[in-house]
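[1] sequence-free structure coming up:
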C-alpha cells in the first residue's frame, strides 16, 4: 500500500472553504445568543497589533425624574450622555499536527479532508470554550476583588471535611439565587456552565431536559430551560483549593444573551502543509498547520492587561484571562453585565 501524505488528501483552499461542523460548540453558543459575532470586532481582530480601544456610550440615566413642563421662562438643563473607553485584545493562535498523528484516521473510507476538518474544528471548539470560561473566571475574580461580589453567590466552605449540609451544595434555590443577582434582568440568562459533579447532581434530581439542536442530529441538555455546558475545568483555583484536608469548590457560571462579542481575524496563511524532509532520518513527514485570530470580549468589561509581564509578548493566555487584575468593569449598573457565578462544594 502506498504511503498517503497529507498533501495527497488536503487542498488548503478547499479545506478552508469547507463549512464548519454544524454541531460545534461555537455555533451552538452563537445560536443561543450568548456569543454575538460583530463586524466591528472583526475589524479590531484584523487591525495591526494586539490591543485596540473602543468608545462605548453610557446608558441614559433613568434614576431621576424627568422635567415637569411649566408655563414659565425657566430653562431646563439637559442630561449628558457620556462615553467610556473599552480596551480589547486579540489573540493569534495556531497549532500543528504531524501526518503520523493522523495516519490511522486516513485508513477509513470517509473523505479524509472532511474528516480532518472536523477533527481540527473540535480542537478549536475546545480551545474556544477554555478561553470563554477563563474569561468569566477573570471577570468573577475582579467582581469579588473590586465590586462587592454583587455577581457571585458563594455557598462553599473551604476547610470543613465533614460538611454534609445542603446549604453548601448546588440546589434549585442556589441556582435561582445566582440568577437573581441580575434582579429584574434574571431572564437574560440563557446558559449555565457546570462541572460534571454538579451535572450529576442535576441528573440525580431528575432536573435535566433535552432539546434537539438546530440540525436535529444531537440533543442539548437544559436545566430549568437554560442550556447546560459541562466542563471539568470549573474547580475554583485559589489558595483554599483541594488539599488533603479541604473541600473542592465548584464554580457554576451563568451566561446571558449578548454576554460576549466575538470578532474573527484573517491570518495571512490560515492553513498550510509543511514538509519536513530531514525528519525521520530523512524519510520525511508532513505537518498540518492551522491558525486562528480571535477577539472575545465580555459585555461591560475592559481588558486592562495589568497582569501581563512587561517586556514580553503580551499574550492573553487562559491563565492570564483568569487574573482579576486584567479586568475592570466599566459599566455602573450590575444589570448591564449578563454574568453571574455560584460557588458550592458539590
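    That came through fine. This is a predicted model, so every value here is computed, not measured. Numbers count the residues shown, from 1 in each chain.
[2] helix or strand for the residue nearest the centre of the chain, which one?
    By CA atoms, centre = their mean, the chain has its centre lying nearest to residue 132, at 1.5 Å. Element membership for residue 132 (DSSP states H and E) is helix 112-146.
[3] what does residue 178 give?
    With DSSP H and E as the criterion, residue 178 is inside helix 172-179.
[4] contacting residues around that helix?
    152-153, 155, 186, 189, 192, 207, 223-224, 252, 254, 340-342, 344 (CB atoms under 8 Å, 6 or more residues apart in numbering). The C-beta positions use only the backbone N, C-alpha and C, and glycine is treated the same way.
[5] quick one: buried residues of it?
    Neighbour-count burial for helix 172-179 flags 174-175, 178-179 (criterion: 16 or more other CB atoms under 10 Å).
[6] now the helices for the stretch 1-150 of the chain?
    Counting by DSSP state H, counting those that start in this stretch, the stretch 1-150 of the chain has these helices, from start to end: 6-9, 12-17, 25-32, 39-46, 99-102, 112-146.
[7] Turn these into TSV, columns for mean pLDDT and distance to residue 213.
    Putting the helices of the stretch 1-150 of the chain into TSV (pLDDT from 0 to 100; distance: least, CB to CB, whole Å) gives the following:
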stretch	mean pLDDT	distance to residue 213
helix 6-9	70	29
helix 12-17	74	23
helix 25-32	62	7
helix 39-46	84	25
helix 99-102	59	27
helix 112-146	86	14
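[8] Which of those sits closest to residue 297?
    With CB to CB, the closest approach to residue 297 among the helices of the stretch 1-150 of the chain belongs to helix 39-46: 6.5 Å.
[9] Show me which residues of that closest one are buried.
    For helix 39-46, using 16+ other CB under 10 Å, the buried residues are 41-42, 44-45.
[10] right, and the pair among those with maximum separation?
    So, those by CB to CB: farthest apart are 42 and 44, at 7.4 Å.
[11] Now the common contact residues for these two.
    Joint contacts of residue 42 and residue 44 (CB under 8 Å, 6+ apart) are residue 263.
[12] Look at residue 217 and say how many residues are nearby.
    Neighbours of residue 217 under the rule other CB atoms under 10 Å: 9.
[13] Can you give me the separation between it and residue 13?
    Distance, residue 217 to residue 13, by CB to CB, to the nearest Å: 27 Å.
[14] can you pull out the helices in the stretch 201-346 of the chain?
    Using DSSP H, counting those that start in this stretch, helices in the stretch 201-346 of the chain cover 318-321.
[15] quick one: low-confidence parts of it?
    For the stretch 201-346 of the chain, the stretches with pLDDT under 70 are 214-216, 237-246, 280, 283, 309-314.
[16] Alright, that wraps it up for me.
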